[in-house]
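[1] Predicted model and sequence follow; I will ask about them next.
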Amino acid sequence: MKNLYLILAIVGAVVPYLFFFPFFAASGIDLPAFLGALFAKGAAAGFTADLLITSLVFWIYIFSREAGPRPWPFVVLNLTIGLSFALPAYLYASLRAAEAETATA
(Lines give C-alpha, C1' and ligand atoms only; values in the text may rest on other atoms or scores of the structure.)
Protein backbone atom coordinates (compact mmCIF):
# COMPACT_ATOMS: atom_id res chain seq x y z
CA MET A 1 0.00 0.00 0.00
CA LYS A 2 2.85 2.36 0.80
CA ASN A 3 4.10 2.35 -2.79
CA LEU A 4 0.58 2.80 -4.11
CA TYR A 5 0.16 5.89 -1.92
CA LEU A 6 3.44 7.26 -3.25
CA ILE A 7 2.34 6.73 -6.85
CA LEU A 8 -1.06 8.31 -6.14
CA ALA A 9 0.65 11.30 -4.50
CA ILE A 10 2.75 11.86 -7.61
CA VAL A 11 -0.28 11.54 -9.87
CA GLY A 12 -2.23 13.81 -7.52
CA ALA A 13 0.47 16.46 -7.80
CA VAL A 14 0.75 16.32 -11.60
CA VAL A 15 -2.83 15.97 -12.86
CA PRO A 16 -4.35 19.12 -11.28
CA TYR A 17 -1.54 21.24 -12.68
CA LEU A 18 -2.32 19.96 -16.18
CA PHE A 19 -5.47 22.07 -15.77
CA PHE A 20 -3.98 24.92 -13.73
CA PHE A 21 -1.02 25.70 -16.00
CA PRO A 22 -3.13 26.59 -19.07
CA PHE A 23 -5.33 28.83 -16.90
CA PHE A 24 -2.33 30.65 -15.42
CA ALA A 25 -0.63 30.82 -18.82
CA ALA A 26 -3.69 32.56 -20.28
CA SER A 27 -4.60 34.72 -17.25
CA GLY A 28 -1.33 35.12 -15.40
CA ILE A 29 -1.28 34.61 -11.66
CA ASP A 30 -4.60 36.35 -11.10
CA LEU A 31 -5.95 34.82 -7.89
CA PRO A 32 -9.31 36.68 -7.97
CA ALA A 33 -9.91 35.37 -11.51
CA PHE A 34 -8.84 31.89 -10.42
CA LEU A 35 -11.19 31.90 -7.44
CA GLY A 36 -13.97 33.26 -9.64
CA ALA A 37 -13.43 30.42 -12.10
CA LEU A 38 -13.67 27.88 -9.29
CA PHE A 39 -17.24 29.02 -8.58
CA ALA A 40 -18.21 30.19 -12.11
CA LYS A 41 -20.74 27.47 -12.86
CA GLY A 42 -22.83 25.16 -10.73
CA ALA A 43 -20.82 22.02 -11.47
CA ALA A 44 -17.49 23.72 -10.79
CA ALA A 45 -18.87 25.31 -7.60
CA GLY A 46 -20.13 21.90 -6.43
CA PHE A 47 -16.74 20.28 -6.97
CA THR A 48 -15.01 23.21 -5.28
CA ALA A 49 -17.34 23.06 -2.27
CA ASP A 50 -16.84 19.30 -2.04
CA LEU A 51 -13.06 19.75 -2.13
CA LEU A 52 -13.14 22.47 0.54
CA ILE A 53 -15.25 20.35 2.87
CA THR A 54 -13.09 17.28 2.29
CA SER A 55 -9.95 19.32 2.97
CA LEU A 56 -11.43 20.52 6.24
CA VAL A 57 -12.23 16.92 7.26
CA PHE A 58 -8.68 15.90 6.33
CA TRP A 59 -7.22 18.68 8.51
CA ILE A 60 -9.43 17.74 11.45
CA TYR A 61 -8.38 14.12 11.07
CA ILE A 62 -4.63 14.74 10.90
CA PHE A 63 -4.70 17.17 13.83
CA SER A 64 -6.76 14.77 15.96
CA ARG A 65 -4.32 11.87 15.60
CA GLU A 66 -1.82 11.41 18.37
CA ALA A 67 0.52 9.25 16.30
CA GLY A 68 1.77 9.82 12.79
CA PRO A 69 3.57 12.58 10.98
CA ARG A 70 3.29 16.23 11.97
CA PRO A 71 0.19 17.71 10.33
CA TRP A 72 1.38 21.20 9.31
CA PRO A 73 3.46 20.15 6.28
CA PHE A 74 0.41 18.34 4.89
CA VAL A 75 -1.83 21.38 5.41
CA VAL A 76 0.70 23.42 3.42
CA LEU A 77 0.79 20.75 0.70
CA ASN A 78 -3.02 20.73 0.65
CA LEU A 79 -3.14 24.50 0.19
CA THR A 80 -0.33 24.76 -2.37
CA ILE A 81 -0.66 21.60 -4.44
CA GLY A 82 -3.98 20.07 -3.49
CA LEU A 83 -5.76 17.39 -1.54
CA SER A 84 -5.10 14.87 -4.31
CA PHE A 85 -1.43 15.12 -3.35
CA ALA A 86 -1.62 15.88 0.38
CA LEU A 87 -3.88 12.96 1.34
CA PRO A 88 -1.90 10.12 -0.30
CA ALA A 89 1.35 11.79 0.82
CA TYR A 90 0.06 11.79 4.40
CA LEU A 91 -1.01 8.14 4.13
CA TYR A 92 2.42 7.26 2.71
CA ALA A 93 4.19 9.13 5.51
CA SER A 94 1.96 7.50 8.14
CA LEU A 95 2.72 3.99 6.88
CA ARG A 96 6.39 4.79 6.66
CA ALA A 97 6.43 6.08 10.25
CA ALA A 98 4.53 3.01 11.44
CA GLU A 99 7.03 0.71 9.69
CA ALA A 100 9.94 2.58 11.27
CA GLU A 101 8.33 2.32 14.70
CA THR A 102 7.74 -1.41 14.23
CA ALA A 103 11.34 -1.93 13.09
CA THR A 104 12.74 -0.26 16.20
CA ALA A 105 10.43 -2.10 18.60
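    Arrived safely, thanks for sending. Predicted model, so just to flag it, every value in this text is computed and none were measured. Numbers count the residues shown, from 1 in each chain.

[2] Tell me which residue is most central in this protein.
    With distances taken as CA atoms, centre = their mean, the chain has residue 83 as the residue nearest its mean C-alpha position (1.9 Å).

[3] List the contacts of that one.
    12, 51, 54-55, 58 (CB atoms under 8 Å, 6 or more residues apart in numbering). The C-beta positions use only the backbone N, C-alpha and C, and glycine is treated the same way.

[4] what do you get if the cut-off is 6 Å, keeping everything else the same?
    Residue 83 makes contacts with residue 55, as judged by CB atoms under 6 Å, 6 or more residues apart in numbering.

[5] How about residue 80?
    Residues near residue 80 by CB under 6 Å, 6+ apart: none.

[6] Distance-wise, check it relative to residue 104.
    Separation of residue 80 from residue 104 (CB to CB, to the nearest Å): 32 Å.

[7] before we move on, what SS does residue 68 have?
    When classified by DSSP: H, G, I helix; E, B strand; the rest coil, residue 68 comes out as coil.

[8] Enumerate every residue touching it.
    Residues counted as contacts of residue 68 (CB under 6 Å, 6+ apart) are residue 94.

[9] From residue 16, how far out is residue 47?
    Per CB to CB, residue 47 is found 12 Å from residue 16.

[10] Can you check which residues contact both of these two?
    With CB under 6 Å, 6+ apart, residue 47 and residue 16 have no common neighbours.
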